[in-house]
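Engineer: okay, predicted coordinates and the sequence, questions at the end:
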Amino acid sequence: MKTINFLISNSIVRTNIPNLKKYQQNFKYNKIFTSTSSSFHHKISKNITIGFQKFKKIDFYLLKNKISKSNTLSSFLNFQKQSFCQNIENSIENIEKFQTSLKYKFHIGSVKIPHFAKRKTGGEDALSYHDGMICVADGVGGWNEIGVDPSKYSNELCNNIKREYLTYGHKYNYNPKSIFIEAAKKTISQGSSTFCMCTLDFEKNYLHTVNMGDSGYMIIRDFATNSKFEGNLENIIKKNEDEKIIDLKILFKSAEQQHQFNFPYQVGSHGDPPEDSEINVHEIRENDIIVLGTDGLWDNLFEEQILAIIKPFYETTQKIKDLDLLANLIAELAEKLSLSPKYKSPFSVKSKGLYLGGKSDDITIIVAQIVPNHI
């Protein structure tokens, strides 16, 4: 049994949360609870302030009718405490239901390498992820020219995405476009960003995606599982692992949304409506690999170069253990080539001869593998 204390005015609210330690250890929810708790604390503090203002207005009524102001305040605080505790319990119930509903989940590795000129500030990209959701956002650098920090918008957007997904995702059937639209409405920082998000379906073996701009994703599959072995897919996978039968190929690569060359669609201040984002649905299989990244990846590495880095990891063990290392190796090669002035990069190919060399930029990557969700 874990107890969390929250200071409300001069009173302490204590709420007992069963098995919180188990959740924190198993699912790494420390940040979620911290964020949720902070949000609730802010909400309660605001309500109490309103309450005191109301009490001040009815002081005369209380005095006239000989009603104890302290009793009224005590009742108000008790009501707030009950409401707060119920919100916390509901959040845990939603998370528990969420965890046990997913047939598959993402095994995740990630990396952010800011542009060398932005290392001190952390760059303008952002990312967020959970067992059933991954997303990246790339703050549009042009806002720097008018004194606006582009990272504020991209980070707030990703934070709102995770909050909407975990707290209200069931309202949208965890549809990424609906979550994206709602999170964008709640993102109030000035700025804009490109965005890409992938979510796992709760009922079927589907990956749902939404993309706006020139961030994007790629799906990689071992097509050896298409072989005509006897038995189900799990038996095929096991047989392939035993016999080292591997046929790793690119299944899909998302398309960019561009108004014109190097002018991507973007959500935010004076940007494109999130409703204009592109959606896709893909059937997934166990061990499929999703590479999600901002344009710092896709402008500097071709899909086959990324596949070549992944193959040795997959050949060693088809359930890749160190996805953080894999993401870092992909990002390091992208950064190295971004600094090469004579490299015929994907960006230079897209420019149709207007540009030669890599494109130096923030590089943010999530590598996620589809694995069974054993709770």
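Structural biologist: Here it is on my side, so go on.
Engineer: secondary structure of residue 208: a strand, I assume?
Structural biologist: Yes. Under DSSP: H, G, I helix; E, B strand; the rest coil, residue 208 sits within a strand.
Engineer: neighbours around it, how many?
Structural biologist: 20 (other C-beta atoms under 10 Å). C-betas here are computed from N, CA, C, even on glycine.
Engineer: swap in residue 319?
Structural biologist: 14.
Engineer: tell me where the stretch 201-350 of the chain has helices.
Structural biologist: Using DSSP state H, counting those that start in this stretch, the helices assigned to the stretch 201-350 of the chain run over residues 233-243, 295-298, 303-316, 323-338, 346-350.
Engineer: ranking those by burial, who's on top?
Structural biologist: Of the helices of the stretch 201-350 of the chain, the one with the most neighbours on average (mean count of other C-beta atoms under 10 Å) is helix 295-298, at a mean of 28.
Engineer: sorry, back to before: what would the helices of the stretch 201-350 of the chain look like in CSV with distance to residue 203?
Structural biologist: Below are the helices of the stretch 201-350 of the chain laid out as CSV (distance: least, C-beta to C-beta, whole Å):
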stretch, distance to residue 203
helix 233-243, 18
helix 295-298, 31
helix 303-316, 28
helix 323-338, 26
helix 346-350, 36
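Engineer: ok, which stretches of the stretch 51-200 of the chain are strands?
Structural biologist: Assigned by DSSP state E, counting those that start in this stretch, the strands in the stretch 51-200 of the chain fall at 104-113, 125-130, 133-139, 192-200.
Engineer: who's in contact with the residue nearest to residue 298 when sequence neighbours are not counted?
Structural biologist: Nearest non-adjacent residue to residue 298, counting by C-beta to C-beta, 6 or more residues apart in numbering: residue 216, 5.7 Å away. Contacts for residue 216 (C-beta atoms under 8 Å, 6 or more residues apart in numbering) come out as 196, 253, 254, 255, 256, 292, 293, 295, 298.
Engineer: pretty sure the fifth one is touching residue 264, no?
Structural biologist: So the one you mean is residue 256. Yes. In this structure residue 256 lies within contact range of residue 264 using C-beta atoms under 8 Å: 6.6 Å.
Engineer: so what's in contact with those two at the same time?
Structural biologist: With C-beta under 8 Å, 6+ apart, residue 256 and residue 264 have common neighbours 213, 214.
Engineer: among the two, which residue is more densely surrounded?
Structural biologist: residue 264 (21 against 17).
Engineer: let me know the pLDDT of the more buried one.
Structural biologist: In this model, residue 264 is scored at 97, pLDDT.
Engineer: that one - nearest residue in space that isn't next to it in sequence?
Structural biologist: Using C-beta to C-beta, 6+ apart, the nearest residue to residue 264 is residue 213, at 3.7 Å.
Engineer: what's opposite residue 133 in the beta bridge?
Structural biologist: residue 130, residue 199 (DSSP bridges).
Engineer: list the contacts for it?
Structural biologist: 106, 161, 162, 165, 174, 176, 197, 198, 199, 200.
Engineer: give me the distance between residue 354 and residue 347.
Structural biologist: 10 Å (C-beta to C-beta, to the nearest Å).
Engineer: if you could redo that for residue 129, that was the one I meant.
Structural biologist: Taking C-beta to C-beta, one finds residue 129 at 26 Å from residue 347.
Engineer: shaky segments in the stretch 51-200 of the chain?
Structural biologist: Low-confidence segments of the stretch 51-200 of the chain, defined by pLDDT under 70: 51-100.
Engineer: quickly list the domain ranges of the protein.
Structural biologist: Domain segmentation of the chain under automatic domain parsing yields 2-101, 104-372.
Engineer: give the buried residues for stretch 148-157.
Structural biologist: The neighbour-count check on stretch 148-157 (16 or more other C-beta atoms under 10 Å) flags 148, 149, 150, 151, 152, 153, 154, 155, 156, 157 as buried.
Engineer: got a list of what the first one touches?
Structural biologist: Put plainly, it is residue 148. Here residue 148 is in contact with 190, 191 (C-beta under 8 Å, 6+ apart).
Engineer: contact partners for residue 294?
Structural biologist: Applying C-beta under 8 Å, 6+ apart to residue 294 gives the contacts 125, 136, 137, 138, 194, 215, 361, 362, 363, 364, 365.
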